[in-house]
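*Asks:* here are the coordinates; sequence isn't available:
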């Protein structure tokens, strides 16, 4: 394990992978101080910086007091993730503080488990008008830590090919998923900020801060008109193209 990354102030957490944007402040220990959410739809860029400023003002902090940034890297929609990653990278560069990417899907699965959902768990997210992305938790490694989540595209109405014992949570799939899955997805969202903070703080303790230039999101959709391979040309992961 590398030497822990020195974090000398609060950690800013932000996630724009879904239609509900999340920003939060936490301690380097992983303790959540405060979190805010709002329905951003696909207009994350219109409010994100202002909301961050309001969060800091409410906590009596200036941007210069921050010690690190944890940002959700998806899977999620193109526009939101691009805004969130660009904002996080810009702040980290300007403030000269470490940045860590954390899996939005993994944090949602962890939040559902913490809320009492029965394992194994799987997360469903939209990928365009009809496809879905299925996210499952990674297997535990030799050190006992869970591996990174795995994601696969499920086309249209294709079967999910899951064990009957799997509990499904669904996010941003109103009208396209079972009510119980949607309710569990809503419950998991409530723990998203804490889950991202915990994951990010743990990586910092292990000395795993990211190189901002190499930190890329996992897209589930690209915007209308984007050429095939547009995301991969930048080293980003794209699961599906939105053909609406």
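*Replies:* Received, thanks. All values derive from a computational prediction rather than experimental measurement. Residues are numbered from 1 along each chain as shown.
*Asks:* Wasn't residue 83 part of a helix?
*Replies:* Yes - applying DSSP: H, G, I helix; E, B strand; the rest coil, one finds residue 83 inside a helix.
*Asks:* That one and residue 197: what is the separation?
*Replies:* Counting by CB to CB, to the nearest Å, the separation of residue 83 from residue 197 is 20 Å. The C-beta positions use only the backbone N, C-alpha and C, and glycine is treated the same way.
*Asks:* So between those two, which is more surrounded?
*Replies:* For the pair residue 83 and residue 197, the greater number of neighbours falls to residue 197 (27 against 22), based on other CB atoms under 10 Å.
*Asks:* Is the nearest residue to the more buried one once chain neighbours are set aside bridged to anything, and to what?
*Replies:* With sequence-adjacent residues excluded and distances taken as CB to CB, 6 or more residues apart in numbering, residue 197 is closest to residue 26, at 4.1 Å. Counting by DSSP bridges, residue 26 forms beta bridges with residue 11, residue 32.
*Asks:* Mind jotting down where the helices sit in this protein?
*Replies:* Remark: helices of the chain, listed N- to C-terminal, are 44-58, 78-95, 104-114, 179-189, 192-205; assignment by DSSP state H.
*Asks:* for the record, mean pLDDT for stretch 218-229?
*Replies:* Taken as a whole, stretch 218-229 has an average pLDDT of 58.
*Asks:* so what are the domain limits for this structure?
*Replies:* Following automatic domain parsing, the chain resolves into domains at 11-103+192-238, 105-188.
*Asks:* which residues does the spatially most central residue of the chain contact?
*Replies:* For the chain, the residue sitting closest to the mean C-alpha position, by CA atoms, centre = their mean, is residue 104 at 2.4 Å. Taking CB atoms under 8 Å, 6 or more residues apart in numbering, we find residue 104 in contact with 15, 17-18, 72-76, 192, 196.
*Asks:* Return the distance of stretch 200-219 from the chain's centre.
*Replies:* The chain centre lies 12 Å from the centre of stretch 200-219; the measure is CA atoms, centre = their mean, to the nearest Å.
*Asks:* Of all the residues in it, which ones are buried?
*Replies:* 200-201, 203-205, 208-210, 212, 215-219 (16 or more other CB atoms under 10 Å).
*Asks:* Just put these in a markdown table and tack on distance to residue 178.
*Replies:* A markdown table is the format used below for those (distance: CB to CB, whole Å):
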| residue | distance to residue 178 |
| --- | --- |
| 200 | 31 |
| 201 | 34 |
| 203 | 34 |
| 204 | 37 |
| 205 | 38 |
| 208 | 37 |
| 209 | 39 |
| 210 | 36 |
| 212 | 39 |
| 215 | 34 |
| 216 | 32 |
| 217 | 28 |
| 218 | 24 |
| 219 | 25 |
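*Asks:* Now for those: which two are most distant?
*Replies:* 205 and 219 (28.9 Å; CB to CB).
*Asks:* OK, contacts around the residue lying closest to residue 200 once chain neighbours are set aside?
*Replies:* Using CB to CB, 6+ apart and skipping residues adjacent in sequence, the residue nearest residue 200 is residue 70, 3.0 Å away. Taking CB under 8 Å, 6+ apart, we find residue 70 in contact with 11-14, 99-102, 196-197, 199-201.
*Asks:* between these, which is nearest residue 60?
*Replies:* Each of the contacts of residue 70 was checked against residue 60 using CB to CB; the closest is residue 12, at 14.4 Å.
*Asks:* what does the model give the closest one for pLDDT?
*Replies:* Residue 12 carries a pLDDT value of 98.
*Asks:* The closest residue to residue 137 other than its chain neighbours - how many residues pack around it?
*Replies:* By the measure of CB to CB, 6+ apart, the closest residue to residue 137 outside its immediate chain neighbours is residue 109, 5.2 Å from it. Counted with other CB under 10 Å, residues neighbouring residue 109 total 27.
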